[in-house]
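1. What follows is a protein structure lacking sequence information:
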DNA sequence: TTTTGAGTTGTTCGA
DNA sequence: GTCGAACAACTCAAA
């Protein structure tokens, strides 16, 4: 292949096709493209940076994610110096066309392990090979490539804890740096194509700072000020105790390997208190969850829609096509179920395109167990509004709540929306922030306006269902399919 | 092969 | 208010 032959040397550039890896640091595929990884033939090689706006992904993405993606692309474009090639269309046509135009023989990507991405890449690979070019997959958005952690029999793990132990044993490479130790200056090669979509109207939704630099800033901030308290602070939705890295990770603005390396370095510090050490461990475990769910999706590409535990597909659920079911689903979506913690969460979703994880579980449990709506409806709604919407984490998080997930669900896993609120938002700060109708209530009454004389004075809606009754109903319906 | 222990995030009740 | 036990039965992992 012309671009690969060390004896002749050649000017053939390589294409790096960005997808969920919108960064320049710690980017194995980019290093491979530029020939700076010390393995991929002679370097340095000119690199044509490409992003393809694929209608199949762009369409279903929802405004917050489209906006995040565009802003992240602009940040990447700036970092590159303005040469990012952006084209719209089917990658199976767009990528080979660009390769032909610039005379490249290699296209470098980070592997995509999602169901659509795998199919798309196989198609693109075939199309490229027809033209005599290669698709080279290097690295992935995960520390350990999905599908590669196996048990002694070569089977995938189905339970998180054993997976995480094996994942840890498996280990991962250090953050990728150029083989020559340089700062990784890439020779970017311009090519025509600046077909940027216009940014969608976000209404009132505000996104945080987007892009690789912002991701690193946030990470450093969390590493220095947040991670030591993470174990307890992460449970308080009114306070910024979580990393807020989910969307940055979603777009690959920072790689989990970078986080893991910094955490390992932090753990070296003998001065770390026992509780901080535990917090660091808890945060690492959250990264492991992200990897676990990606692994599960790799083995079960249909799990975004299909029950991992098929038994639960036979359960009685309420119809949401019309009538009461439709009304209740809408009340949930719009944050007016009459349960303050649930409504605050759903309104945070609309306002910030993000929800605290504790609250995600509570609102999900409410939809499935109190309103008896199939989890897929909730999962789809989340995906349409979340800025960090990740198919693997979202689908499996919902399945976990619904009881159809990878772990054998205790039948009693039904969140109480009132006590959860009182436990994790004892002062009601979170509720008051998102539900102005309850701004006059303090403490536990913010979670139970029916206990306050003036609870409904400012237009807060009555409860759409009675939790205690629906809990019993949910357990009864479960009993019908589990015996 | 068989056996044993464990399994993210909960709730309620009674002492 | 706090604490421990009970709450199905099952699947998975590992010895």
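-> Thanks, I have it. If you're wondering where the values come from, they're calculated on a predicted model, not measured in any experiment. Residues are numbered from 1 along each chain as shown, chains lettered A, B, ... in the order given.

2. my read: residue A:477 touches residue A:316, true?
-> Yes. Between residue A:477 and residue A:316 there is a contact under C-beta atoms under 8 Å: 5.0 Å. C-beta: built from backbone N, CA, C; applies to glycine.

3. higher neighbour count, the two?
-> residue A:477 (17 against 11; other C-beta atoms under 10 Å).

4. Could you give the number of residues near whichever residue of the stretch 101-250 of chain A sits closest to DNA strand B?
-> Scanning the stretch 101-250 of chain A for the residue nearest DNA strand B gives residue A:161, at 3.3 Å (criterion: C-beta to the nearest atom of the strand). Neighbour count of residue A:161, defined by other C-beta under 10 Å: 12.

5. that's a strand at it, yeah?
-> No. Per DSSP: H, G, I helix; E, B strand; the rest coil, residue A:161 lies outside any strand segment and is helix.

6. Tell me which residues are up against the longest strand seen in chain A.
-> Secondary structure of chain A read by DSSP state E shows that its longest strand is strand A:47-53. Counting by C-beta atoms under 8 Å, 6 or more residues apart in numbering, strand A:47-53 makes contact with A:13-19, A:30, A:33-34, A:73, A:76, A:80, A:83-89, A:91, A:94-95, A:98, A:102, A:104, A:186-191, A:193, A:195, A:197, all of which sit outside it.

7. Among those, name the buried ones.
-> A:13-19, A:30, A:33-34, A:73, A:76, A:80, A:84-87, A:91, A:94-95, A:98, A:102, A:104, A:186, A:188-189, A:191, A:193 (16 or more other C-beta atoms under 10 Å).

8. In strands, which of those residues appear?
-> Those of the buried ones among the contacts of strand A:47-53 lying in strands (DSSP E): A:14-18, A:85-87.

9. Need those residues in CSV (columns: pLDDT and distance to DNA strand B).
-> Listed next are these as CSV, based on pLDDT from 0 to 100; distance: C-beta to the nearest atom of the strand, whole Å:
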residue, pLDDT, distance to DNA strand B
A:14, 96, 38
A:15, 97, 37
A:16, 97, 33
A:17, 98, 31
A:18, 98, 28
A:85, 97, 38
A:86, 98, 35
A:87, 97, 37
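
10. Which members of the residues you listed define the maximum pairwise distance?
-> Farthest apart among these by C-beta to C-beta are A:14 and A:86. That separation is 18.0 Å.

11. Return the distance of stretch A:245-258 from the chain's centre.
-> The chain centroid and the centroid of stretch A:245-258 are separated by 9 Å under C-alpha atoms, centre = their mean, to the nearest Å.

12. Please list all residues in contact with the spatially most central residue of chain A.
-> Nearest to the mean C-alpha position of chain A, by C-alpha atoms, centre = their mean, lies residue A:390 at 3.4 Å. Residues in contact with residue A:390, defined by C-beta under 8 Å, 6+ apart, are A:246, A:250, A:290.

13. Just the element for the last one, please.
-> This points to residue A:290. Assessed by DSSP states H and E, residue A:290 sits inside helix A:274-299.

14. Which elements pack onto that helix?
-> helix A:160-170, helix A:230-233, helix A:256-267, helix A:391-402 (3 or more C-beta pairs under 8 Å, 6 or more residues apart in numbering; DSSP states H and E).

15. Which strands or helices does the helix or strand following that helix pack on?
-> Remark: after helix A:274-299, the chain's next helix or strand is helix A:323-334, criterion DSSP H and E. The contact analysis (3+ C-beta pairs under 8 Å, 6+ apart) places helix A:323-334 against helix A:340-352, helix A:375-385.

16. For residue A:211, which of the ones you listed is the nearest?
-> helix A:340-352 (18.0 Å).

17. quick check: angle from the helix or strand following the closest one to helix A:323-334?
-> Counting by DSSP H and E, the element after helix A:340-352 in chain order, helix or strand, is helix A:357-365. Counting by axes from the mean of the first three to the mean of the last three C-alpha atoms, to 10 degrees, helix A:357-365 points 170 degrees away from the direction of helix A:323-334.

18. ok, and the closest non-adjacent residue to residue A:437?
-> residue A:460 (3.8 Å; C-beta to C-beta, 6 or more residues apart in numbering).

19. Quick one: name the residues of the stretch 51-200 of chain A near DNA strand B.
-> Contact residues, the stretch 51-200 of chain A versus DNA strand B (C-beta under 7 Å from any atom of the strand): A:159-161.

20. Could I get the pLDDT score of the nearest residue to residue A:327 once chain neighbours are set aside?
-> Closest residue to residue A:327 apart from its sequence neighbours, by C-beta to C-beta, 6+ apart: residue A:464 at 8.0 Å. At residue A:464, the pLDDT value in this model is 97.

21. What count of nearby residues applies to residue A:464?
-> Neighbour number of residue A:464 under other C-beta under 10 Å is 19.

22. now residue A:149
-> 21.

23. How about stretch A:285-298 and DNA strand C, any contact?
-> No. Using C-beta under 7 Å from any atom of the strand, we find that stretch A:285-298 stays clear of DNA strand C, coming within 10.3 Å at best.

24. what about that stretch, average pLDDT?
-> pLDDT averaged over stretch A:285-298 gives 97.

25. is DNA strand B contacted by that stretch?
-> Yes. Remark: stretch A:285-298 sits within contact range of DNA strand B at A:285-286, A:289, by C-beta under 7 Å from any atom of the strand.

26. I'd like to know which of those is nearest to DNA strand C.
-> residue A:289 (14.7 Å).
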